[in-house]
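Colleague: fold the following, please.
(chains A and B)
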Amino acid sequence: MTEPLLQIDKAGFAYDNSGWYLRDVSLKIRPGEFTGIIGPNGSGKSTLLKIAAGVLRPSSGQILLMNKQISSLSRRKIARHLGYLPQNVISTFDYRVEEVVAMGRFPHLSGAGFLQPNDLKIIEYCLKSTETTAYRNRPVSQLSGGERQRVLLASVLAQEPGLLLLDEPTTGLDLHHQVEFFSLLTELTQKGIAVVAVTHDLNLASQYCHRLLLLNEGRTVLEGDVSQVVRQEILSDVYRQNVYVGRHPLTEKPVVLPRLRNQKKVEDMGAGL
Amino acid sequence: MIKTNRLLTRRNCIVSISLYLVSAVLVLIAAPFIGSEPIRPGVVFRDIIGNGSNRSTEAMIFVYQRAPRVLLGFLVGGSLALVGGVLQVILRNPLAAPATLGLTGAGSVGAVLAISIPTLSISWGPFSTVQLFALLGSALALGAIYLMARSPQGVSMNTLLLAGVMIGIICGAVIPLIRFLAHPNYLVAMDRWMMGGLDVIGFRELAGLFPFLLPGVGLLFMQMSALNHLSLGEEIAMGQGVNVAAVQRVSFIAGSLSVAGVVSIAGPIFFVGLIVPHCVRRISGFDHRIVLPGTFLAGGTFLVFCDIFARTLIAPTEMPVGIITAILGGPFFIYLLIKKK
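Modeller: Numbering: from 1, shown residues only, chains lettered A, B, ... in the order given. So this is what the prediction gives:
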């Protein structure tokens, strides 16, 4: 088995005086793996991702990036290996698309950060692979939600990271753009990039991810292959919502549907897992 | 095939800044020769280059009045605009300006206090009593704000903004109090100081400005690239390799240093620091590797330009330059706002 790019080892965290804790969460990320982090609101998904990205410092446990303590690395060094896309990126100024993408080159540049021919080539490539070249000169404020997320992804890709951490990258996107975005992430994993995505969309996670980490109340409930985690009794319990888990007729991957109140039990319909 | 691109290579940056550079050079050359007392460039040039024993009045006015005043105006305008441009980014607030840090008010309290007690007479190096008290006021405010805004994660930008504005408001109340208690003979001096001005003689004041502006402005320019990331948001900036806490702390301290130095010599000059950065962004886009040098040059150019009017409009008396900056700059900014639509 290949060496993990990132190891989260028994990470813990508490926000000041909130009474909320993240406790002993561990996760290993290997090259080319697509990992989904799922769980109800307030389960600690985003907090875990911030700790993994080195944006928050864990109060216990350790984070190893390429076998080195992440706290011992400079921000620039981290950014050369790890791309982090937070939720709700709101810019004060209305940069053009290619300017935002070019910002991703920051960890590779020194001084005033002027772009060299090689940087321009990489920016071009990132625009192309996210299909954002067509509107490279448009201001970001004029883009639709789907376009915006792809531009931000292109910016993070311009860091040339081996590992991507994405916090709810498809929230607010329509079905088509969600599928497009996750397909794009799959292509990246095929090139050997490890992708970790926090998502509320259990079906997308189930279709595209290789492994899933299910969190609840700051703790790991289960970590494993999709078929191990996406199970009726586990999800119903964690989400406190009765669900029905079936199979996608074409991909054979599990699909999750909510069960409405007063709906018949799954057994009665004879299709449960 | 040469592909033109609008991304920031070194060449594109120099092209964009050259506009500001050319206007700065032009105004710096022309301004010293314009004034209530006519000066002929030929005479000045001949007297300065030639042997110094027999200098004409024109050359003396040029060397001891016009040149230092123009230089001071340029440095003051440039620094104030630069600080405003940086603060607007790190505080994520388009209304931020040098005065937002509260140091303009605190420095003014110090200066007004020194003027109200004329028996007080301390001087040290190039600094006069009023300057030293202005600096002392600024230093106290800076320390208080820093202690309030400091947190384990760095300096809280929100607290910084609120603490700075609050200190400004408190100082705004203390100044009338000092005026009320002071002897009426000193009120005019206080008022003149409070209006801000660039009337200096010789280079003593300029020398006193360098210990503040050299590190202050230098450190602010070093944040150019990182400031672009900060305007996208703190978290994504960290993810892209920016040491956000360090950029914020350095910007705050370097900005405070510059403002304290400027206020101690020129008094409170408003408007330049608020409007110039916005004008430059409207003209040159939002990349701060262009915006910051452009803002410094444009701020300096603008204040020197306004000071020409301040010196000449009602000659031989002069007007406070702050009145001109608002009267000329306000409509220009409104024009830029309308033009974009």
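Colleague: middle-most residue in chain A, spatially?
Modeller: For chain A, A:Ala197 is the residue whose C-alpha lies nearest the centre (Cα atoms, centre = their mean; 1.8 Å).
Colleague: you'd agree that one is up against A:Pro169?
Modeller: Yes - counting by Cβ atoms under 8 Å, A:Ala197 does reach A:Pro169; the two are 6.1 Å apart. C-beta: built from backbone N, CA, C; applies to glycine.
Colleague: overlap in contacts, those two.
Modeller: Listed as contacting both A:Ala197 and A:Pro169 by Cβ atoms under 8 Å, 6 or more residues apart in numbering or on different chains are A:Leu185.
Colleague: hmm, back to that, the residue nearest to the centre of chain A should be in a strand, yeah?
Modeller: Yes - judged by DSSP: H, G, I helix; E, B strand; the rest coil, A:Ala197 forms part of a strand.
Colleague: phi first, then psi, for the closest residue to B:Pro94 other than its chain neighbours.
Modeller: Nearest residue to B:Pro94, sequence neighbours excluded (Cβ to Cβ, 6 or more residues apart in numbering or on different chains): B:Gln88, at 5.7 Å. Phi and psi for B:Gln88, reported as degrees, to the nearest 10, are phi -60, psi -30.
Colleague: state the pLDDT value of B:Gln88.
Modeller: Predicted confidence (pLDDT) for B:Gln88: 95.
Colleague: that one: what's it in contact with?
Modeller: For B:Gln88, the contact set (Cβ under 8 Å, 6+ apart) comprises A:92, B:94-97, B:277-278.
Colleague: same deal with A:Phe106?
Modeller: A:Phe106 sits next to A:76, A:79, A:113, A:159, B:225-226, B:229, B:240-242 when contact means Cβ under 8 Å, 6+ apart.
Colleague: check B:Phe45 too.
Modeller: The contact partners of B:Phe45, by Cβ under 8 Å, 6+ apart, come to none.
Colleague: could you do the one 3 residues further on as well?
Modeller: When the contact criterion is Cβ under 8 Å, 6+ apart, the partners of B:Ile48 are B:55, B:59, B:62-63.
Colleague: picking that back up, any of the contacts of B:Gln88 buried? List them.
Modeller: Buried members of those, scored by 16 or more other Cβ atoms under 10 Å in any protein chain shown, are A:92, B:96-97, B:277-278.
Colleague: okay, now the unreliable bits of chain B?
Modeller: B:1-5, B:51-54, B:340-341 (pLDDT under 70).
Colleague: interface residues of it facing chain A?
Modeller: Residues of chain B lying near chain A by Cβ under 8 Å from any Cβ of the partner chain: B:5-10, B:13, B:88-89, B:92, B:94, B:224-226, B:228-229, B:231-233, B:235-236, B:238-243, B:281, B:285-287, B:289.
Colleague: filter those down to the buried ones, PyMOL style.
Modeller: For the buried members of those, the matching PyMOL selection, counting by 16+ other Cβ under 10 Å, is:
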select buried, chain B and resi 5+7+8+9+13+88+89+92+224+225+226+228+229+231+232+233+235+236+238+239+240+241+242+243+281+285+286+287+289
